[in-house]
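> pasted the sequence and its predicted model underneath.
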Amino acid sequence: MTASKSRSTYGFIGGLFAIALMLEYSTPPEYVVGYLYSGAILLANARLSQSATFWVTAIAVILTLSNIWIPQGQLAGFPILANRLIAVLALIVTGLLGDRLRQSEDAIAQQKAKLQAQEQLAQVREDFASTLTHDLKTPLLGAIETLTAFQQERFGAVLPTQQKVLATMKRSQQTSLQLVETLLDVYRNDTEGLTLQLEPVDLATLTEEVASTLTDLAAARRVHLSVNYGDSDFRRSLWVNGDPFQLQRVLSNLLINAINHSRRGDRVEVTLESQASYQVVKVWDTGAGLQPEEFSHLFERFFQGQSDRPTIKGSGLGLYLSRQIIEAHSGTIWAENRFSQSSAIGKDRPEIIAGAIFAFKLPVYPRPLI
């Protein structure tokens, strides 16, 4: 506090003391006016130092007690003394509580400053990561274009064995580019929100298209990939109002996640269900399932779940991005374990895990399509 503000505060406190003293000594001792000093104590607590508050409280106590024999020149009776002592106790408690309040406010202010500093540091990190991610796209795109030129033999003949090496290098660069784009989208969605290009979308058609693009990946992992329509054997349409590109990313993320975490010979199946108000897509596998401690973290940023295939390790962004997209569509995404009960096991035995399910549901398209 500046010197001018301190002087004004002391002046105001002096004025309060003068008013209280005038009332104290112009009224009989039976009338306890010392409670008015509490205003001066609170003011000192709010604007002055702790030592200044102590002295203001001490002076208020002395002045309150002095009215026991001033101005009449003799000690008052016990009832008056008791009233004065109660007033003194109230003034002391006011000073103590005010000091405790000041300490609490100082602690809150310090904690708030720490949180603001942490938020600023986190924002700097976010901005740095976003800028770095954006700048990484250019060299990756250049590397992919160069590898494509080599594959097309623009710089001379390429042997078949060299073509295989170039194809592997290109896939690696494309994977890195996809990771960079996902990371960039995640940061952009967190800061700016996700902008959707909404139109009528048939989830059945979109799912079949995404599944067809992942057939080679499933075959390379020796995983059987299929699409079915719940209880029906016939193809049905599941219309929603959505962004085809973003929903395609969700389906691709869920299917790739299921394929990568499946073992040889496992099955990955997409089940499409139409409910009264929602269209539901479920991606399930026959792998080891999910651990109980994983459920609360599955859709968090950078979370990587446990896997029987440690060589297949994701970035921890696919499910987080999928959650962003589905929630932007006013939908819900979740995960659960798929259970089955073998007839060879007695009924008293617990259910056994037979895989994991990642699912989402979106509101049904609000009006019939013509």
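Structure's in. What do you need? Please read these numbers as outputs of a predicted model, since none were measured by experiment.

> any idea how far V223 lies from I357?
Separation of V223 from I357 (Cβ to Cβ, to the nearest Å): 16 Å. In short, each C-beta sits where N, CA and C put it, glycine included.

> so if I had to pick from these two, which one is more boxed in?
Per other Cβ atoms under 10 Å, whichever of V223 and I357 has more neighbours is V223, with 23 against 20.

> so that one sits against H261, correct?
No - the pair V223 and H261 does not pass the contact test of Cβ atoms under 8 Å, sitting 9.9 Å apart.

> so E300: helix, strand or coil?
Of the three states, E300 takes coil under DSSP: H, G, I helix; E, B strand; the rest coil.

> for the nearest residue to it once chain neighbours are set aside, what are its contacts?
Leaving aside its chain neighbours, E300 sits nearest to Y320 (6.3 Å; criterion: Cβ to Cβ, 6 or more residues apart in numbering). Counting by Cβ atoms under 8 Å, 6 or more residues apart in numbering, Y320 makes contact with V186, F299, E300, R301, F302, F303.

> mind running it again at 7 Å?
V186, F299, E300, R301 (Cβ atoms under 7 Å, 6 or more residues apart in numbering).

> what number of residues lie near the last one?
What it means is R301. 17.

> please, which helix or strand holds the residue nearest to E300?
helix 318-328 (DSSP states H and E).

> which other helices and strands contact the helix or strand following that helix?
The helix or strand immediately downstream of helix 318-328 is strand 332-340, counting by DSSP H and E. Counting contacts by 3 or more Cβ pairs under 7 Å, 6 or more residues apart in numbering; DSSP states H and E, strand 332-340 is packed against helix 318-328, strand 352-363.

> how close does the residue minimising distance to the centre of the chain get to L319?
Nearest residue to the geometric centre of the chain (Cα atoms, centre = their mean): E300, 8.4 Å. Here E300 is placed at a distance of 8 Å from L319 (Cβ to Cβ).

> what strand or helix carries V270?
Going by DSSP H and E, V270 is in strand 267-274.

> each with direction, which strands does that strand pair with?
Strand 267-274 sits in its sheet next to strand 224-228 (parallel), strand 278-285 (antiparallel), going by DSSP bridges.

> could you dump those strands to CSV with mean neighbour count and distance to S176?
Formatted as CSV, the strands paired with strand 267-274 follow (neighbours: other Cβ atoms under 10 Å; distance: least, Cβ to Cβ, whole Å):
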stretch, mean neighbour count, distance to S176
strand 224-228, 16, 25
strand 278-285, 22, 25
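
> indicate which one of those strands is closest to F17.
strand 278-285 (71.7 Å; Cβ to Cβ).

> alpha carbons only: can I get the closest one in PDB?
In PDB, the C-alpha atoms belonging to strand 278-285 read as follows (Å, rounded to 0.1, in the frame of the first residue of the first chain):
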ATOM      1  CA  TYR A 278     -30.000 -43.000 -31.900                       C
ATOM      2  CA  GLN A 279     -27.900 -44.800 -34.500                       C
ATOM      3  CA  VAL A 280     -25.400 -47.100 -32.800                       C
ATOM      4  CA  VAL A 281     -22.100 -48.400 -34.100                       C
ATOM      5  CA  LYS A 282     -20.200 -51.000 -32.100                       C
ATOM      6  CA  VAL A 283     -16.700 -52.200 -32.900                       C
ATOM      7  CA  TRP A 284     -15.800 -55.300 -30.900                       C
ATOM      8  CA  ASP A 285     -13.000 -57.800 -31.000                       C
END
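
> the stretch 151-300 of the chain: helices as residue ranges?
In the stretch 151-300 of the chain, the helices defined using DSSP state H, counting those that start in this stretch lie at 160-192, 203-213, 215-220, 244-260.

> the shortest one: which residues count as buried?
In this case it means helix 215-220. The neighbour-count check on helix 215-220 (16 or more other Cβ atoms under 10 Å) flags A218 as buried.

> state the mean pLDDT of stretch 273-287.
Stretch 273-287 carries an average pLDDT of 89.

> ends of it, how far apart?
22 Å (Cα to Cα, to the nearest Å).

> tell me which element E119 falls in.
Assigned by DSSP H and E, E119 belongs to helix 78-151.

> show me what that helix is packed up against.
Counting contacts by 3+ Cβ pairs under 7 Å, 6+ apart, helix 78-151 packs against helix 37-47, helix 50-66, helix 160-192.

> out of the ones you listed, which comes closest to Q279?
helix 160-192 (22.8 Å).

> show me where pLDDT drops low in the stretch 51-200 of the chain?
Where the stretch 51-200 of the chain drops to pLDDT under 70, the residues are 67-78, 80-81, 121-130, 132-134.

> so T9 makes contact with L48?
Yes - using Cβ atoms under 7 Å, T9 makes contact with L48 at a distance of 6.1 Å.

> other residues contacting stretch 162-180?
The contact list for stretch 162-180 (Cβ under 7 Å, 6+ apart) reads 133, 136-137, 140-141, 143-144, 147-148, 150-151, 158, 315.

> in JSON lines, list those residues along with neighbour count.
Shown next, in JSON lines, are these (neighbours: other Cβ atoms under 10 Å):
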{"residue": "T133", "neighbour count": "19"}
{"residue": "L136", "neighbour count": "17"}
{"residue": "K137", "neighbour count": "14"}
{"residue": "L140", "neighbour count": "18"}
{"residue": "L141", "neighbour count": "13"}
{"residue": "A143", "neighbour count": "17"}
{"residue": "I144", "neighbour count": "18"}
{"residue": "L147", "neighbour count": "20"}
{"residue": "T148", "neighbour count": "13"}
{"residue": "F150", "neighbour count": "17"}
{"residue": "Q151", "neighbour count": "15"}
{"residue": "V158", "neighbour count": "15"}
{"residue": "S315", "neighbour count": "16"}
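
> cheers, nothing more for now.
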